[in-house]
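Asker: Provided below are the primary sequence and the corresponding predicted coordinates.
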Amino acid sequence: MHQRSLARRLAPLSLALGLVWASTGGAQAPEPAPAPASFQVLAEQVAALFPVVQTEVVDVSGDRVTLAAGRREGVRRGLALAAFREGRELYHPTTKQLLGRTEETLARLRVVEAHEAYAVATVVGSPERPIRAGDRARTSSDKLRLTMVSLASGVRPGVVEAATDALAKELERTGRVQVLFGDRIALWLAEQRISAEEFLDGKGVREAGERFALADLLAVRFVLAQGKPFMDIRLFAGAPDAAGLRQALFVPSAVRAPVAQPFSTGGTGNVQARKRSLLERLLSGNLAPNEYSAAAASIPLRSLATFPFVVTSMDVAVSPADGVPRMVLTDGRRVFVYRVTPEKLEPEWTHDKLMVGSILSVQFADLDRDKVLDVVVNRQDVQAGMFSYILTGRDGRPQTMVKDIPLLLLAMDETGEGLPRVLWGHPQDRDTFFRRGAATRYTLRDDDIAADGYATVNSTLRLTGATFAAVGKGERVVAFIDEHNRLKVTSPQGEELWRSLAVVGGGIAQAHYQVVVTPTIVDKFVKMEPRPLAVDLDGDGIQEIVVPVNENDAGQMAVVFKGPTGFRIQVVSSGLQGMVTGLGAIPGDGNPSLIAAVVQRTGFWGKQGSTQIIMTLPSE
């Protein structure tokens with residue numbers, strides 16, 4: 001009686017708790033979606049190349065071993081086996097049960113010919129014992145380590161990461177392989193200047209296998225085909241001269257870049273809309289919508305101007321004197337300065353004095369601290385060498401502050417004041433043009449610049465494509481593009497902190513110099529790199545690094561930011577075809593405006609073309 005009464009009193013409470021549990025998301029999370037069918041088929045094809053086989057040795061001739069198993073048992077060229085010899089029988093001492101036979105390892109084998117009913121293998125290395133007919137051979141029943149390397153060009157990193165992760169999980173689901181990621185191989189390929197296409201054709205596969213001790217390698221190349229991400233796949237399984245599996249497919253539509261959500265909330269429910277920072281909008285999608293991902297967040301753009309010439313260098317800064325943003329750009333011969341308004345560019349002054357050589361770069365600075373923007377111009381001639389100069393503006397006209405400086409100069413903001421106040425420089429090296437890891441500090445004194453000690457830099461830094469950035473509270477770093485077109489982040493003392501695997505940078509301006517190689521003179525060219533942009537994209541007081549990616553003239557940029565696990569990089573597209581030769585920013589409260597010079601080249605040598613100046617709008 002008492003128990004029934006207690007049950008009646010608890011029933012309404014149980015019902016209420018159940019309703020609360022159901023309404024607050026207490027139900028189990030939905031099961032993850034199955035892998036795309038094409039990935040399942042591909043994983044089974046890969047697993048089929050690693051069968052569990054045990055067979056007998058039927059003939060031995062020199063180092064050629066004939067096995068009594070062939071293609072119908074799953075044996076294929078490149079399959080690895082271990083030869084062994086069975087000995088006496090082993091019995092359990094108590095139960096007298098037969099446990100098996102003793103085994104003596106003889107040698108490692110690699111199949112070189114696979115026929116229908118038999119196969120021929122060769123001995124790998126030096127055998128421990130001679131092999132003879134009647135011995136046995138088998139593959140390992142353990143999971144095989146399969147190294148997977150992803151090589152991308154023009155495909156969003158989020159899609160590449162999602163597709164790679166989905167394929168790796170499906171491969172491990174077969175239970176036959178354990179996937180290892182070969183990011184270091186991608187870095188090595190870049191250093192060896194081996195393209196992804198050449199690597200899939202077999203170039204450098206053997207060398208990579210020897211260098212990184214690889215047994216089996218799965219190479220996946222991501223490219224854009226018909227506007228969609230496409231995967232070209234090769235499996236090098238013990239036979240580095242030829243791929244054991246060739247497959248090609250579009251990235252399944254079910255594979256999408258992961259969308260970040262707060263850890264404490266789910267993906268449903270009434271969420272109050274909020275204004276997103278420019279960083280969030282950049283990382284969540286391209287600057288303009290594209291065919292493949294119509295759901296990607298788009299960022300409104302505005303075209304400020306179109307120039308009928310190629311802009312080889314550009315910089316943007318806000319003048320301390322009047323708070324008006326200004327832009328400086330060059331076509332290699334002239335220097336133009338404009339005031340930037342939300343609608344258009346307003347000309348302020350032009351320096352078009354006829355001079356020999358060509359302009360390599362232009363950059364804003366405030367070297368005399370008069371709050372008027374100065375322009376540091378690097379100019380070089382094949383015969384005269386470097387003769388840089390510094391300009392400023394007075395009453396709408398250019399004035400030369402310092403001329404005929406025999407140095408390659410780079411203006412740097414060492415203290416984080418917002419504008420460069422110091423110059424790093426060095427003379428042109430007669431053999432390599434750049435002097436890697438060497439820079440002298442210069443400051444403006446009267447009508448000349450004077451040395452002020454040495455700058456402590458990384459041993460690979462060149463005076464092009466470099467900037468300071470504040471990536472943490474009180475933490476400043478130097479970010480620069482190295483000679484292999486990787487973005488490197490170092491401490492102010494020169495210690496390397498991070499280096500990108502993705503290719504970045506790529507400029508149009510070139511320095512032309514000559515090297516005497518007796519008895520001739522050899523003309524050499526070296527490209528100048530666009531300067532990375534350090535800008536706070538989300539209003540948290542910490543700067544992100546934006547750098548052009550001009551590998552395929554696709555109008556792309558890479559955003560580098562520091563997260564809880566270190567530096568990360570993500571590539572975004574401007575939606576315009578062309579090279580991004582300059583980047584700048586107009587600061588805003590979590591929503592700065594980015595400005596980019598996008599060059600569309602024409603002509604056989606790509607020296608002609610036009611330039612569009614585009615700007616992101618500060619709000620959605």
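Answerer: Arrived safely.

Asker: wait, is Leu171 part of a helix?
Answerer: Yes. Assignment of Leu171 by DSSP: H, G, I helix; E, B strand; the rest coil places it within a helix.

Asker: can you tell me the closest non-neighbouring residue to it?
Answerer: Nearest residue to Leu171, sequence neighbours excluded (CB to CB, 6 or more residues apart in numbering): Ala43, at 4.9 Å. All C-beta atoms are positioned from the backbone trio N, CA, C, and that covers glycine.

Asker: for that neighbour, list the residues it contacts.
Answerer: By CB atoms under 8 Å, 6 or more residues apart in numbering, Ala43 lies in contact with 35, 167, 170-171, 173-174.

Asker: are any of the residues you listed buried, and which?
Answerer: 35, 167, 170-171 (16 or more other CB atoms under 10 Å).

Asker: what is the nearest of those to Gln612?
Answerer: Leu167 (37.9 Å; CB to CB).

Asker: TSV for the contacts of Ala43, including pLDDT?
Answerer: Formatted as TSV, the contacts of Ala43 follow (pLDDT from 0 to 100):
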residue	pLDDT
Ala35	74
Leu167	91
Glu170	89
Leu171	89
Arg173	86
Thr174	85
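
Asker: Gly453: which of the residues you listed is nearest?
Answerer: Leu167 (52.9 Å).

Asker: now, which of the contacts of Ala43 sits nearest Ala133?
Answerer: Nearest to Ala133 among the contacts of Ala43 is Thr174, at 34.2 Å by CB to CB.

Asker: could you check how far the closest residue to the closest one other than its chain neighbours is from Gly74?
Answerer: Leaving aside its sequence neighbours, Thr174 sits nearest to Ala47 (CB to CB, 6+ apart; 3.9 Å). To Gly74, Ala47 is 10 Å away according to CB to CB, to the nearest Å.

Asker: next one: Phe480
Answerer: Taking CB to CB, one finds Phe480 at 52 Å from Gly74.

Asker: what about those two, which has more around it?
Answerer: For Phe480 versus Gly74, the count of surrounding residues by other CB atoms under 10 Å is larger for Phe480: 25 against 16.

Asker: phi, psi for that one please.
Answerer: phi -150, psi 160 (degrees, to the nearest 10).

Asker: my read: it touches Thr467, true?
Answerer: Yes. Taking CB atoms under 8 Å as the definition, Phe480 is a contact partner of Thr467 at 7.4 Å.

Asker: what sits in contact with each of those two?
Answerer: Pro532.

Asker: any regions of the stretch 1-150 of the chain where pLDDT drops low?
Answerer: 1-33, 142 (pLDDT under 70).

Asker: who's Thr122 bridged to?
Answerer: For Thr122, the beta-bridge partners under DSSP bridges are Arg64, Arg110.

Asker: can you pull the contacts of it?
Answerer: 63-65, 109-110, 112.

Asker: and Ile185, by the same measure?
Answerer: Contact analysis of Ile185 by CB under 8 Å, 6+ apart lists 147, 149, 208, 212, 217.

Asker: now, which of those sits nearest Gly505?
Answerer: Out of the contacts of Ile185, the member with the shortest distance to Gly505 (by CB to CB) is Val149, at 22.5 Å.

Asker: how about the closest one, nearest residue that isn't a chain neighbour?
Answerer: Nearest residue to Val149 in three dimensions, chain neighbours excluded: Gly182, at 3.7 Å (CB to CB, 6+ apart).

Asker: can you get me a residue count around the one you found?
Answerer: Gly182: 22 neighbours (other CB under 10 Å).

Asker: also Ala137?
Answerer: 25.

Asker: who are the contact partners of the spatially most central residue of the chain?
Answerer: Among the residues of the chain, the one closest to the centroid is Ala502, at 2.2 Å (CA atoms, centre = their mean). Contact partners of Ala502, counting by CB under 8 Å, 6+ apart, are 152, 157, 486-487, 549, 558, 569, 571.

Asker: could I get those as a markdown table with neighbour count?
Answerer: Putting the contacts of Ala502 into a markdown table (neighbours: other CB atoms under 10 Å) gives the following:
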| residue | neighbour count |
| --- | --- |
| Ala152 | 24 |
| Pro157 | 20 |
| Arg486 | 19 |
| Leu487 | 25 |
| Val549 | 25 |
| Ala558 | 21 |
| Ile569 | 18 |
| Val571 | 23 |
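
Asker: out of the residues you listed, who's nearest Ser358?
Answerer: Val549 (24.4 Å).

Asker: what's the helix or strand for the residue nearest to Leu171?
Answerer: In this structure, Ala43 sits in helix 37-48 according to DSSP states H and E.

Asker: what comes up buried for that helix?
Answerer: 38-39, 42-43, 46-47.

Asker: which elements pack onto the helix or strand that comes right after it?
Answerer: Downstream of helix 37-48, the next assigned helix or strand under DSSP H and E is strand 54-61. If contacts are counted by 3 or more CB pairs under 8 Å, 6 or more residues apart in numbering; DSSP states H and E, strand 54-61 sits against strand 64-67, strand 136-138.

Asker: what about the helices in the protein?
Answerer: Using DSSP state H, the helices found in the chain span residues 2-23, 37-48, 157-173, 183-191, 196-200, 205-212, 278-284.

Asker: how distant is the fourth one from the center of its chain?
Answerer: Pointing back at helix 183-191 there. How far helix 183-191 lies from its chain's middle: 11 Å, per CA atoms, centre = their mean, to the nearest Å.
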